[in-house]
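> Provided below for reference: sequence and predicted model.
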Amino acid sequence: MVNSTDFPFFILSAYVDLGRLKYFCFTAVLLLYIVIVAANVFLIVLICIKRSLHEPMYVFLCSLLVNELYGSAGLFPFLLQQILSDTHIVSTSACFLQIYCLYTYACGEFCNLAVMSYDRYLAICCPLHYNTRMTANKVALFITVVWLYSSLETLICIVLSSSLELCGNRIAQVYCDNFPLVRLACSDTTVNNIYGIIATIFAVVVPLVLILFSYIRILRICLVGSRETRQKAVSTCSPHLASLINFSFGCCFQIFQSRFNMTSVPSMLRVVLSLYFLTCQPLLNPLIYGLRLSKIRNMMKPLLFCVM
């Protein structure tokens, strides 16, 4: 038995020999990464340079998009390197760094979505008090708390995992994941398991409860409110709901795959679905918000025409 940090590297065993197809896969993944970076950066720059978008709703959206770039940076360069590699190994320090990046991204995504739902609740249910209750200082505080909370929760997880004694260094994934790493432990993992449950509750369940509370209140207002109120709710909340459903689906599958035996699912399908929440969310969010939010859509048109 050795401490996890005593292993010089981990082996990622979910990769299969693609032969010459690896160059096609590399090109496809590279193009996907370029599109993700370009789309997210474009919306971030648009929000930053347009003063009319300097509102809490769009500032929170900017934080969400920055998180997409952060999560993508923790996955895609690593994935591209592994596709071309024949050994599929990763150093221990790089593995823990990737776990930190991806878990911080996942936690930050749910927290950002929760803050955005609270902002929509105030805007729709308390429009007269919105400017006094959602001030610039509160916006900055919410964003700071989201990022610090996500970082701290993940850091504790990394510290607990790095102190485990392991009996192997083979991870059945195409990227480093904490739970499969913990399953390699020969030492007692009770603390890790308890913290994992608590962290999941605070990173996933609590934000989802806050989102559910916000939308219940919004729905009540829509049922008794005017047609204009309902239109406002649909136009501003539908992108958020689409993003939430998309991300929740990917996260739920990853949680189930990590904790339950899913050998009945084809290995290639498991790989694709395990990458879903890390790839489709950064890709779809700029499209969802860019096309559904009329204020952003109207500002995008002249800029795109100038580029073309």
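Great, that's in hand. All values reported here derive from a predicted model rather than from experimental measurement. Numbers count the residues shown, from 1 in each chain.

> hey, where'd the helices end up in this protein?
Remark: helices assigned in the chain by DSSP state H are 21-49, 56-84, 92-125, 130-133, 136-162, 178-182, 190-200, 206-224, 227-259, 267-274, 276-292, 294-307.

> Adding distance to F7 and mean pLDDT, write those out as TSV.
For every residue, glycine as well, the C-beta is placed using N, CA and C. Output for the helices of the chain, formatted as TSV (distance: least, C-beta to C-beta, whole Å; pLDDT from 0 to 100):
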stretch	distance to F7	mean pLDDT
helix 21-49	26	93
helix 56-84	18	94
helix 92-125	5	94
helix 130-133	51	90
helix 136-162	11	95
helix 178-182	10	89
helix 190-200	17	91
helix 206-224	34	88
helix 227-259	20	81
helix 267-274	22	79
helix 276-292	24	87
helix 294-307	47	67
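
> what separates C186 from C167, distance-wise?
4 Å (C-beta to C-beta, to the nearest Å).

> what does Y100 give?
Taking C-beta to C-beta, one finds Y100 at 23 Å from C167.

> now swap in N137 and tell me
On the measure of C-beta to C-beta, N137 and C167 end up 51 Å apart.

> Over to V146?
Taken as C-beta to C-beta, the span from V146 to C167 is 37 Å.

> between those two, which one's more packed in?
Neighbours were counted for V146 and for C167 using other C-beta atoms under 10 Å; V146 has more, 24 against 10.

> Quick check: chain neighbours aside, which residue is closest to that one?
Leaving aside its chain neighbours, V146 sits nearest to C111 (4.3 Å; criterion: C-beta to C-beta, 6 or more residues apart in numbering).

> what's the burial count for the one you found?
27.

> Then the one 10 residues further on?
Using other C-beta under 10 Å, the number of residues around Y121 comes to 21.

> Chain neighbours aside, what residue packs nearest to it?
Nearest one to Y121, counting by C-beta to C-beta, 6+ apart, is S214 at 3.9 Å.

> quick one, what contacts that neighbour?
S214 sits next to 117-118, 120-121 when contact means C-beta atoms under 8 Å, 6 or more residues apart in numbering.

> Please apply the same query to G290.
If you count contacts by C-beta under 8 Å, 6+ apart, G290 has them with 39, 43, 296-297, 300.

> which two from those end up farthest apart in space?
Using C-beta to C-beta, the pair of the contacts of G290 lying farthest apart is A39 and R297, separated by 13.8 Å.

> neighbour-wise, which of the two wins?
Neighbours were counted for A39 and for R297 using other C-beta under 10 Å; A39 has more, 19 against 12.

> Spatially nearest residue to the more buried one (excluding sequence neighbours)?
Nearest non-adjacent residue to A39 (C-beta to C-beta, 6+ apart): P286, at 3.8 Å.
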